[in-house]
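Peer 1: just a sequence and a predicted model for now, questions to come.
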Amino acid sequence: MNAARAAALQYRRLDGAPNEPTGPVTTVTAVENGPLALRGDLVVRHGDGTHERLPRAALCRCGQSKNKPFCDNSHLEAGFQAAGATPAEILSEIAHPAKPVIPR
């Protein structure tokens, strides 16, 4: 998986091939000074009421995106700061996902 694909703000195939498989759980990771990175079997409701199923998405948490609910990198211009995982940590998690611990 290349870094550009892994860092996509939203990901869907345009060539007609099946989307990437989703894991057994949905994960949400706050990105340092950036969006919420979600992976799993996601159903996103858009502002116009339509729904879209995606294997991953980056959702705005700075409030400045012009493409809500998705991040459009407006946090960079806004100087948004918040704790979270570094991009390197997120890429490492994608390449080597931990086995989920599901409480009983």
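Peer 2: That came through, no problem.
Peer 1: which residues in the protein form strands?
Peer 2: Ranges of strands in the chain, per DSSP state E, are 27-30, 36-45, 51-59.
Peer 1: relative to residue 81, which of those strands is closest?
Peer 2: strand 27-30 (12.0 Å; Cβ to Cβ). (C-beta placed from N, C-alpha, C; glycine too.)
Peer 1: that closest one pairs with which strands?
Peer 2: The strands beside strand 27-30 in its sheet (DSSP bridges) come out as strand 36-45 (antiparallel).
Peer 1: any idea which of the strands of the chain gets closest to residue 20?
Peer 2: Of all the strands of the chain, strand 51-59 comes closest under Cβ to Cβ, at 5.0 Å.
Peer 1: that older thread, for residue 83, which of the strands of the chain is the nearest?
Peer 2: With Cβ to Cβ, the closest approach to residue 83 among the strands of the chain belongs to strand 27-30: 6.9 Å.
Peer 1: next one: that closest one to chain centre, how far?
Peer 2: The chain centre lies 8 Å from the centre of strand 27-30; the measure is Cα atoms, centre = their mean, to the nearest Å.
Peer 1: number of nearby residues for residue 84?
Peer 2: When neighbours are counted by other Cβ atoms under 10 Å, residue 84 registers 18.
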